[in-house]
Each structure stands twice: as C-alpha cells, then as structure tokens.
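Undergrad: My questions are about this predicted structure, shown below with the sequence.
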Amino acid sequence: MADPVSPTRWHYLLPLTTVLIWSGNTLVTKLAHGRIDPEAILFYRWLLAALLMTPLLLPLLWRQRHLLRPHLLRLLVLGVLGMVVYQGLAYYAAATTSATNMAILLALSPLLAGLIGSALTADRLTWGVVIGGLVSFAGVVWLISGGAPLTLLHTRPQPGDALMLIAVTANALYGALLLRWQFPFSHWLQLYIQILAAMLVLTPWFAVTTTAPVTAAGLPLVLYAGVLASVGAPLLWIKSIQALGPGRASLFLNLTPVFVALAAMLWLDEQLAGYHLVGGLLALAGVALGQRIRRPLRR
C-alpha cells in the first residue's frame, strides 16, 4: 500500500482544475441531448483520446512492454472502472433520472472515496473528510433544491438513481485502487493504457449498437469530451489522487454544482440567487475543512 505524497499548495490546483473541466463537460452533456447519442459520445470521446495519444505514447509503450505484463490486469480493471463504468453509467443515468438526483449522488463521492480508500490503502479516513464531506453535501443539497431541501423528500427514486450510485461507487473504488496499485510508468502512460483498456471493452459493444452518426452540431461536443475531459482531466485526477489521497481529492467534486451554476449564469443567462451563494459557500467550506483537519477518525 502506498501513502499519498506530502502535498503542497500547488497540489490543490490539480483537483480544482479537474473539476473545472468536468463541470464544463456537464454542460456539454446537457447540450449533447438531442444532438448525439450517449453511446456515440462515450465511444468517440475515448477513441479521439486514444488517437491523439497513440503517436506520442505507443513507441514508449513498446519500449516498456516488458514492464507491462505484470500490471496488465490491474490497468484493465482501472480502465473499465474509470472510463467505462463511471462515465458510461452517468450518461445512461441522465436519461432516466433528474440532474438534481445525479448531483446529490455525486455529492456522496467524498464519503465513499474516504471509506473505500481507508479500507484498501494507507490513506486513513480523517475527521476532515467526514465533516467536510457532510458540510459540502449539505451545500450541494441546498444549492440544487433552490434553498428548500425538504422538497427533495417528494422526489421519487428513478432507475437512473441506481445507475448513478453504481457509477459513483465505481469512481471511488477507482481512486482507492489507483493509490493502492503502484505502476512503473509515467502518468501519461498509465492514462494511455487505461484508455486502450476501455476501448477494448467499448469497441465490440459499440459495434452492435445502432447510433446516429455524429453531425456538425455534435462534433464540438465530442472534441471537448475527447480532448479536455478524456485526456486532460483524467491525467490531472490521477495526479490529484496520488498527491492528496482519494478522500481529500474527491471533496473537490462537490464544487461541480457550484461551477455549473456559475457557468450557466455566465453563458446561459441564468440568474444568481441567494441559495446559490449559500450552497456554494457551504461546498467551499466543506472542501476547506477536509483539507485542514488531518486527525484520523481512528488510530
């Protein structure tokens, strides 16, 4: 088992930038509705990422192929968890549940990551992760409920809720296993191999799936998802987990609804309300508590 490295203030920019990119991808997902099928954007984003990285990394992979064999199964598991299960189920969940329910379940990520990480790695669960996760969760619920959290009690569970819960759990497990398993490769090569593993699973599935071709309206969405969200964000996320640990890094995911609300205000002309400020401040406070309180939950 490996400990996360001692973080500096610059390490906190890693998950923050990752969440900014993924928040933009949330808007891309909303814009993709009616323009491109979920199956198509999932397949093409990873295909584009693989094509972009192959000229640079395939020669390096070939030179280090003797180091790959002992780690091939683990990298395949990571690729399936992070790129296929998490991303794929999130696309399908969006078709059968509300964005509100998805945001609530996503807000459980820090607690799940902390629990799974403490069980599988030397990254001990701290009071900061627990308290910060609960405070951020309260902020997310306040934000997405419009300042009336009791109204969420009248929301009926949907099939997509179960899919989203599995997706969030898969992402938490991905973070814990990434910290537990150490690889003799660079971060770039780790990401590239995981993407190839994901394509190994996605290609036969996509081949038997009937989807509409990508149109001119859907092409910019695929480019964003395939370059920034599929290459830049996962690489930064790998570095975030290895620097901060899965529990503390996952706390930054609770800023996603805040960033999405700000982006919607700037680009979709949505109005900023008081509940946006309250929910955003609570989410930020939860992240800050999680980073500052280092006391282990148990010895």
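TA: Here it is on my side, so go on. Numbers count the residues shown, from 1 in each chain.

Undergrad: Can you give me every residue that contacts L165?
TA: L105, L108 (C-beta atoms under 8 Å, 6 or more residues apart in numbering). Bear in mind the C-beta positions are built from the backbone N, C-alpha and C, glycine included.

Undergrad: and the helix or strand where it lies, which residues are buried?
TA: Using DSSP states H and E, the element containing L165 is helix 159-180. Using 16 or more other C-beta atoms under 10 Å as the test for burial, helix 159-180 gives 160-161, 163-180.

Undergrad: Kindly report the same for stretch 46-61.
TA: So stretch 46-61, judged by 16+ other C-beta under 10 Å, has buried residues W46, L47, L48, A49, A50, L52, M53, L57, L61.

Undergrad: Most widely separated two among those?
TA: Distance extremes for the buried residues of stretch 46-61: the farthest pair is L48 and L61 at 18.4 Å, using C-beta to C-beta.

Undergrad: List the ones among the buried residues of stretch 46-61 that fall in helices.
TA: The members of the buried residues of stretch 46-61 that map onto helices under DSSP state H are W46, L47, L48, A49, A50, L52, M53, L57, L61.

Undergrad: Make JSON lines from the buried residues of stretch 46-61 and add pLDDT and distance to V28 to it.
TA: Output for the buried residues of stretch 46-61, formatted as JSON lines (pLDDT from 0 to 100; distance: C-beta to C-beta, whole Å):
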{"residue": "W46", "pLDDT": "92", "distance to V28": "15"}
{"residue": "L47", "pLDDT": "92", "distance to V28": "16"}
{"residue": "L48", "pLDDT": "92", "distance to V28": "13"}
{"residue": "A49", "pLDDT": "92", "distance to V28": "15"}
{"residue": "A50", "pLDDT": "94", "distance to V28": "19"}
{"residue": "L52", "pLDDT": "92", "distance to V28": "17"}
{"residue": "M53", "pLDDT": "92", "distance to V28": "20"}
{"residue": "L57", "pLDDT": "92", "distance to V28": "25"}
{"residue": "L61", "pLDDT": "91", "distance to V28": "29"}
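
Undergrad: From these, pick the one nearest I116.
TA: W46 (24.4 Å).

Undergrad: Was I right to think the closest one contacts S230?
TA: Yes: between W46 and S230 there is a contact under C-beta atoms under 8 Å: 5.9 Å.

Undergrad: got any residues that touch both of those two?
TA: Counting by C-beta under 8 Å, 6+ apart, the common neighbours of W46 and S230 are M83, I195.

Undergrad: low pLDDT regions in the stretch 1-150 of the chain?
TA: Judged by pLDDT under 70, the stretch 1-150 of the chain has its weakly predicted residues at 1-8, 29-34, 97-104, 107, 117-125, 128-129, 143-146.

Undergrad: now the helices for it?
TA: Assigned by DSSP state H, counting those that start in this stretch, the stretch 1-150 of the chain shows helices spanning 13-32, 38-63, 65-68, 72-79, 87-96, 99-106, 109-120, 127-144.

Undergrad: Nearest to V260, out of the ones you listed?
TA: Here helix 13-32 is closest among the helices of the stretch 1-150 of the chain (C-beta to C-beta), at 5.1 Å.

Undergrad: what angle separates the closest one from helix 87-96?
TA: 40 degrees (axes from the mean of the first three to the mean of the last three C-alpha atoms, to 10 degrees).
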